[in-house]
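In: I would like the atomic coordinates for the input below:
(2 chains)
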Amino acid sequence: MKELKIFAILVVFTGIVYWGVEPYAHSQMHEHTSEVNFDFKAGDIAQAEVELKKANESGKKDDIDFATKKLEDTKKLWANVDKIASLKTDVEAGKADFEANCASCHRVEFDELVAADDGISAQGIIYPDLSTAGAIYDSKFLMAISLNPALAMKNNKKYNDENPHPMMTAFLEDDGSISDENAQSVANIVGYLNSIGKAALEAKKAKIANEINAGKLSDSEKVAKINFENKKVIFEEACGRCHDVKYDGFIAKVNGGDLKDYMGSTPPDLSIIIRAKGDEYLHKFINDTQKQLPGTAMPRVGLNEQAQNDVVAYLTSVGDSKKAEREDLGYKIMAYFALLAILAYAWKNAIWKELH
Amino acid sequence: MAHFEKSNGIVDWLDQRLAIKKFMQVMMTQYWIPKKINFLWAMGVILLTMFAILFITGLLLVMYYKPDVALAFDSVNKTIMQEVEYGWLWRHMHGVAASVVFLVMYIHLLTGIYYGSYKKGREIIWISGMVLFVLFSAEAFSGYMLPWGQMSYWAAMVITNLFGGIPFIGPELVEWIRGDYAVGDATLNRFFMLHVCLLPIVVIAFVAIHFYALRFPHVNNEIAEEIDFDLEAEKYLAGKKKEAKVISFWPDFLCKDIFYVCLFMIFYFYLVCFHYDFAMDPINFEPANALKTPPHIYPEWYFLWSYEILRGFSYEVGLACFGIAQVIFFVLPFLDRSNVVAPAHKRGAFFVWFWLLVIDMIVLTIYGKLPPVGINNTIATIASVTFLALLIVVLPVITLMERKAK
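Out: Numbering: from 1, shown residues only, chains lettered A, B, ... in the order given. Reported below is the predicted structural model:
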């Protein structure tokens, strides 16, 4: 039928325009980056190799030197982490090691380690309370950050020998290796954090659930709210020191001006970041900030897979809060017009019987 | 004073005062449309439906939107999208319709070119249609600014800057349009006024003119046959509907169009509810930031072809060509030198010309979004030159040849 032929031509040309303006343009404008990888060792080394390759292509000596050193340091760092990870841990000794090495800045309120002053550093930045760290961060990342925070968090461009990272550690020898004694210490500290992390997180969640259950919502609303808040907790712990989510009434714990001085730029509000960046981008970005956005001030925070999924789920439920309603209504409206089209077609036939 | 009789009902009462029966005849039941048309002739009614949707959803959105640089972004993305009941629906319907309306407009426009509907006697229909296209462009652009996202802001920056290229008065003109030295609150407020007040009024006026302009030369048909509408109408009214080459606008024509509109609505609401982002640049979900330029600045898809003509040449030349591209379709009836009114597939060279034009515009559209680097620049220049040559040189030449051959 001729009309169908015309329609097919229309669809083909519209399809070509759509393909060119959307998927094709997208593939040309954004560099392809590798998939999310929670094997941080493999991911970091692969990324450092990509950066070195790019530096070699650019031919700039400073960039090549920087990238060469970064690859070397990255390999060294993760070799040390492997050594630590192979050790047996002693949780009791870990608590003592934590008190000796970390507790002057970091609190672990869940275990009543509150010696550090309420966590304001000289730059106005709160040192994170590490009660839940063992549950939301990758264990090997925690080991890496204890050895070389700048490299583990990927802000080594900013922090170097002249401008040391505010998180001071002294587990490594001058040549970048780690002594057996220090390796055991780090293993114990991470073991200790792991031993309390889950319980600390569950305690927080239980407290919120109790409050919600005591409220006046219906049962299904309570379930939905608890589900939402459980994800929000992870967000607060992982991102809430720096990022606002205004549309959920959430304000970052650290003052924006201080953050700007410290980070170099004000961390964006994340209310609708899911719509600005999309699910895939956010997963890749959180997993490895430098890979998606080289030079960004945002450190890689080292979330484990579960925590990262929770963070993105929280951002989705805030930024796209009407998704369920939208899709549910979508089917109904489309069904309505399909029905109407059938009726309209019958009516048209009735009228055109006289015309043809 | 005229004589009024006691009415026998509300219709009669109104008829005596407003001649509604006559009005319905003129506008609907005795407004004759050729019988031999295909679904492409339904685009006008689909456009009207889209415009009605834009108008109504726009009114609902204006109830909550705040034209203030400090409030605009959140009033759209928080108040309307999250707090107002079904605010997301109105917003998506408005945003998606704004984009889809251009798709339908392009189909409508190309249909007119393909079937020669811009020719001989139908020039005013064509020109008023082109005025509507330009008005819709201005309407779309002024509306795009309102959420005050990153792309809104930078698009406003780039587009207003274009006027700076006009000789002598450029810089002052830019300042006058913006109402400030840079795009800011004053700019947002005046674009708000244009979008919700002045432009819609002018659009409605031109929709009326466009529709009215059809009354005299009548609607074209699939084979561009010259029909004696009075004669055919007599047949129709005499009950010989099968024989008559015309049908009435209501219900004959509209009953078919309503069916097409229903089908179109399924597609439209699929986009609204499941794929709203096809037309919304994600960068626009970041608030406007005058200190941070987005990595790529490009207009919405429907402006890409003319944007690419702008980029296809050096700045001044590009600006001039862009200006020409904006108005070239207005004079299409006069660039076509042939008096043959027929569908393109009956016009030989014109048929080839038509498809070259379509392909060239698609190339311009696709490359209009890609970064202007390397080979992309070359393609931009070639496609832009081709576009201008097709309209200014090739069309007059092939149509002159067509006239001589007759």
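
In: For the residue in the stretch 51-200 of chain A that chain B sits nearest to, what are phi and psi?
Out: Going by CB to the nearest CB, chain B is nearest to residue A:57 of the stretch 51-200 of chain A, at 15.7 Å. Every residue, glycine included, has its C-beta placed from N, CA and C. Main-chain dihedrals, residue A:57, degrees, to the nearest 10: phi -70, psi -40.

In: Stretch A:215-228: which residues count as buried?
Out: Judged by neighbour count (16 or more other CB atoms under 10 Å in any protein chain shown), stretch A:215-228 contains these buried residues: A:222, A:225, A:226, A:228.

In: do stretch A:339-354 as well
Out: Judged by neighbour count using 16+ other CB under 10 Å, the buried positions of stretch A:339-354 are A:340, A:341, A:344, A:345, A:348, A:351.

In: Where is the longest helix in chain A?
Out: helix A:180-214 (DSSP state H).

In: What lies in contact with the helix or strand just after it?
Out: Per DSSP states H and E, helix A:180-214 leads on to helix A:219-239 as the next helix or strand towards the C-terminus. The contact list for helix A:219-239 (CB atoms under 8 Å, 6 or more residues apart in numbering or on different chains) reads A:128, A:132, A:136, A:201, A:204-205, A:208-209, A:212-213, A:215, A:217, A:245, A:248, A:250, A:270, A:301, A:303, A:307, A:310-311, A:313-315, A:317.

In: Recalculate using a threshold of 7 Å.
Out: A:132, A:136, A:204-205, A:208-209, A:212-213, A:217, A:301, A:303, A:307, A:310-311, A:313-314, A:317 (CB atoms under 7 Å, 6 or more residues apart in numbering or on different chains).

In: try stretch A:44-59
Out: Identification of contacts with stretch A:44-59 by CB under 7 Å, 6+ apart yields A:34, A:63-64, A:67-68, A:70-71, A:74-75, A:78, A:288, A:290-291.

In: What of stretch B:360-373?
Out: With CB under 7 Å, 6+ apart as the test, stretch B:360-373 has contacts from A:13, A:16-17, A:20-21, A:24-25, A:28-29, B:296, B:298, B:301, B:304-305, B:307-309, B:311, B:376, B:379-380, B:383-384, B:386-387, B:390.

In: Report the backbone C-alpha coordinates of it in CSV.
Out: Extracted C-alpha coordinates of stretch B:360-373, given in CSV (Å, rounded to 0.1, in the frame of the first residue of the first chain):
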residue,chain,number,x,y,z
ASP,B,360,22.2,17.3,2.5
MET,B,361,20.0,18.7,5.3
ILE,B,362,20.4,15.4,7.2
VAL,B,363,24.2,15.5,6.7
LEU,B,364,24.2,19.1,8.0
THR,B,365,22.1,18.0,11.0
ILE,B,366,24.3,15.1,12.0
TYR,B,367,27.6,17.0,11.5
GLY,B,368,26.1,20.1,13.2
LYS,B,369,26.3,18.2,16.5
LEU,B,370,29.8,16.8,16.1
PRO,B,371,32.8,18.8,17.3
PRO,B,372,34.1,21.1,14.6
VAL,B,373,37.5,19.4,14.2
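
In: give me the number of residues near residue B:95?
Out: Residues near residue B:95, counting by other CB atoms under 10 Å in any protein chain shown, number 24.

In: you'd agree it is up against residue B:277?
Out: No: counting by CB atoms under 7 Å, residue B:95 does not reach residue B:277; the two are 9.5 Å apart.

In: For the residue nearest the centre of chain B, give me its contacts.
Out: Central residue of chain B (CA atoms, centre = their mean): residue B:133, 3.8 Å from the mean position. Listed by CB under 7 Å, 6+ apart, the contact partners of residue B:133 are B:105, B:109.

In: Report pLDDT for the closest residue to chain A within the stretch 51-200 of chain B.
Out: Residue nearest to chain A within the stretch 51-200 of chain B: residue B:88 (4.5 Å; CB to the nearest CB). Note on residue B:88: pLDDT of 96.

In: how much space is there between it and residue A:275?
Out: Counting by CB to CB, to the nearest Å, the gap from residue B:88 to residue A:275 is 11 Å.

In: And residue B:193, by the same measure?
Out: For residue B:193, the distance to residue A:275 - CB to CB - is 28 Å.

In: Please identify which of the two sits among more neighbours.
Out: Neighbours per residue, other CB under 10 Å: of residue B:193 and residue A:275, the larger number sits with residue A:275, 20 against 13.

In: got the phi/psi numbers for the more buried one?
Out: phi -80, psi -30.

In: now do residue A:108
Out: Given degrees, to the nearest 10, the pair of backbone angles that residue A:108 has is phi -130, psi 80.

In: Quickly list what it is bridged to.
Out: Beta-bridge partners for residue A:108, by DSSP bridges, are residue A:113.

In: low-confidence ranges in the chain?
Out: Assuming you mean chain A. Chain A contains residues with pLDDT under 70 at A:118-122.

In: let's do chain B instead
Out: Ranges of chain B meeting pLDDT under 70: B:1.

In: Which secondary structure state is assigned to the residue of the stretch 201-350 of chain B found nearest chain A?
Out: Using CB to the nearest CB, the single residue of the stretch 201-350 of chain B nearest to chain A is residue B:273, 2.7 Å away. What DSSP: H, G, I helix; E, B strand; the rest coil gives for residue B:273 is helix.

In: How many residues are close by the nearest residue to it once chain neighbours are set aside?
Out: Computed as CB to CB, 6 or more residues apart in numbering or on different chains, the closest residue to residue B:273 that is not its neighbour in sequence is residue A:330, at 2.7 Å. Around residue A:330 there are 19 other residues, counting by other CB under 10 Å.

In: try residue A:242
Out: Residue A:242 has 22 nearby residues by other CB under 10 Å.

In: give the contact list for residue 155.
Out: I'll assume chain A. residue A:299.

In: The chain in question should be chain B.
Out: Taking CB under 7 Å, 6+ apart as the contact definition, residue B:155 lies against B:144, B:297, B:299.

In: Just confirm the second one contacts residue B:154, I think it does.
Out: The reference is to residue B:297. Yes: using CB under 7 Å, residue B:297 is in contact with residue B:154, at 5.0 Å.

In: Counting neighbours, go ahead and name the busier of those two.
Out: Legend: neighbour count by other CB under 10 Å for residue B:297 and residue B:154, higher for residue B:154 (22 against 14).

In: buried residues in stretch A:43-59?
Out: Residues of stretch A:43-59 classed as buried: A:43, A:44, A:45, A:46, A:47, A:48, A:51, A:52, A:55 (neighbour count, 16+ other CB under 10 Å).

In: How about stretch A:70-81?
Out: A:70, A:71, A:73, A:74, A:76, A:77, A:78, A:80, A:81.
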